[in-house]
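Novice: Mind looking at a prediction? Sequence and model below.
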Amino acid sequence: MAGRKPKPTALKLIQGTERPGRVNKLEPIPQGNLTDAPEWMTKSQKDGWTFAIRSSPKGLLKQLDKSALSVWVVSEDLHRQASEKLAQFGLLTKAPNTGLPIQSPYLPIVNKQAAIMLKAASELGFTPSSRTRIQLVPADEVNPFLQHGKRTA
């Protein structure tokens, strides 16, 4: 789907820009904060998960975000590993058959993982530009647009 990403319904309601025909009254409202990393992750990936949870604003990451955060964590870990190998062996290596210099096989891994990581980071609100689109309601404040987990508008 091309074009600008849709603005969240809660933000439309807060800003007063909603139009009755364009408000998704059945939009899911995620529950439960993310806490522990999945068991299948490696030690370094679990460390990345913990870093993300501790560094993100409280209440931002919900259980529904588990898969997106997993993508970011795994991609960040693979990016780091490939970057370390790239630093160790350099940008060029010798071709096995000809001995001529060729691009390191780690370079495409670094580039691909960076793209995946940045896309996931944007979805999760981890980039400076994506953070400007997030508004968190403090836990002690009541959101006037939600009542017992349901939208009032």
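Specialist: Nice, I can see it. Residues are numbered from 1 along each chain as shown.

Novice: next structured bit after the helix ranked longest in the chain?
Specialist: Secondary structure of the chain per DSSP state H: the longest helix is helix 66-89. Counting by DSSP states H and E, the next helix or strand C-terminal to helix 66-89 is strand 92-94.

Novice: residues in contact with that following strand?
Specialist: 100, 101, 102, 103, 104, 105 (Cβ atoms under 8 Å, 6 or more residues apart in numbering). C-beta here means a position set from N, CA and C on the backbone, and glycine is covered the same way.

Novice: at 7 Å what do you get?
Specialist: 100, 101, 102, 103, 104 (Cβ atoms under 7 Å, 6 or more residues apart in numbering).

Novice: which one is the first one nearest to, not counting chain neighbours?
Specialist: Going back to what we said before, that points to residue 100. residue 94 (7.0 Å; Cβ to Cβ, 6 or more residues apart in numbering).

Novice: Same check on the third one?
Specialist: Nearest residue to residue 102 in three dimensions, chain neighbours excluded: residue 95, at 4.8 Å (Cβ to Cβ, 6+ apart).

Novice: okay, now residue 105: neighbour count?
Specialist: 12 (other Cβ atoms under 10 Å).

Novice: residues touching residue 61, list them.
Specialist: Counting by Cβ under 7 Å, 6+ apart, residue 61 has contacts 33, 34, 53, 69, 124.

Novice: buried stuff in stretch 106-124?
Specialist: Within stretch 106-124, the residues that count as buried by 16 or more other Cβ atoms under 10 Å are 106-107, 109-110, 113-114, 116-117, 120-124.

Novice: Show me the shaky parts of the chain.
Specialist: Applying pLDDT under 70 to the chain picks out residues 1-3, 5-16, 23, 25, 27-28, 131-153.

Novice: what about the helices in it?
Specialist: Under DSSP H, the chain gives helices at 9-15, 43-55, 66-89, 106-124, 128-131.

Novice: Compare those helices and give me the one nearest residue 22.
Specialist: helix 9-15 (8.0 Å; Cβ to Cβ).

Novice: follow-up on the earlier one: what pairs with the residue nearest to residue 100 across the strands?
Specialist: residue 101 (DSSP bridges).
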